[in-house]
Structure formats: C-alpha cells, structure tokens
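>>> Sequence first, then the predicted structure:
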Amino acid sequence: MRYVLLLLSIFVFLGCIQSENVTVEKNDVEFPFTNGVSMEETSVDPMGNVFSYPKGEAGITGQTARWEKGFESGWHYHPYTGVAYVIQGELTVKFDESTPLEDLDGEKTVTKEQVFGPGSAFLGVANTWHKSSSTGNETLIFQVSWLGEKGQPVKVSSN
C-alpha cells in the first residue's frame, strides 16, 4: 500500500511540473456606475405623466441599444412605460406633445427636449411622439425595460 501511495504521489508531482504555460489576459473594463440605487422610487416620467401598469397580461421586454454619435431614431412612440438607464454617452429626446397618436403620417413638431447623460435613470415616456439621438462625444449605450403587455409591440413608428 505504501508503494501505491508513493507512486501516486510521484505521478501527481510529475503531472504538475509538465503542465503547459497558460497565458492569462486581463481586460480592464471601467463601468460608469457603482453599487446602489440608480433611480429612487418614482411613479412620474420626465413629462409629468403618472405611471400605470398595462391592462392585459404583463410582459417585460428588455432592450440594450448602442448608437454611434449622431445617430437619430425616427419619430415613434411607446404604448408602455419603460425603465431606462444611460450607461455611456448622451441621449437627447425631442418630444411632440401635440400630434395625436393616430396621426402616423402627420408632420411632427418638437415641443420639448430633454438630455440624459451617463448614470441617468428615468421612466421612458409612454404615448407621446418623440425621436431620440446620440448627441454626446462618444457612443451612446443605454438599456430600457419596457413594462408592457405580453405579445404586444413596445414601439409604434411614424410612416
């Protein structure tokens, strides 16, 4: 039994010294946030609308967007509220509070503009025409979790 343990120890030792060299790469990534609350309890979006839950079966859709500087979405609206967080860059949102949602073809007019920088957390505005753009000096990265209805679209675009 002593010889078996001795042989086993020798094999383990030899296995350790014959191992390959392994290159370890370390990718330093800096995150623009720290642990903690990014948005205090809120029930009002940036336009002053009170948040309400959908009437049908609840469904959450999470989206992450990466927009190069200068990118602009077309006019659109969201039928539901979303919880948004800007990770990097600058998000500028231009709202049209006067055009009815049914008017998909009508000309839109900017009535209000808001800018959100890195670390901004806010409720995405529901049922208001708007267009969004990346206006900062770097690529915009943001996330939104839409609190919608299962099986329903979270975005309606203008024609």
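Good, I have the coordinates.
>>> which element is the most centrally placed residue in the chain on?
By Cα atoms, centre = their mean, the chain has its centre lying nearest to Gln143, at 0.6 Å. For Gln143, the host element (DSSP states H and E) is strand 140-149.
>>> What is whichever helix or strand comes after that strand packed up against?
The first helix or strand that comes after strand 140-149 along the chain, using DSSP H and E, is strand 156-157. Secondary-structure packing of strand 156-157 (3 or more Cβ pairs under 8 Å, 6 or more residues apart in numbering; DSSP states H and E): strand 76-77. Just so you know, the C-beta spots here come from the backbone N, C-alpha and C atoms, and that holds for glycine as well.
>>> For the strand it packs on, what does the pLDDT average out to?
Strand 76-77 carries an average pLDDT of 98.
>>> Neighbouring strands - and their directions - for the following helix or strand past it?
Remark: after strand 76-77, the chain's next helix or strand is strand 82-88, criterion DSSP H and E. Its sheet considered, strand 82-88 pairs with strand 121-124 (antiparallel), strand 140-149 (antiparallel) by DSSP bridges.
>>> what pLDDT, on average, does strand 82-88 get?
Strand 82-88 comes out at a mean pLDDT of 95.
>>> Centre of the chain to the next helix or strand after that strand, how far?
Once the chain leaves strand 82-88, the next helix or strand it forms, by DSSP H and E, is strand 91-96. For strand 91-96, the distance from its own C-alpha centre to the chain's C-alpha centre is 17 Å (Cα atoms, centre = their mean, to the nearest Å).
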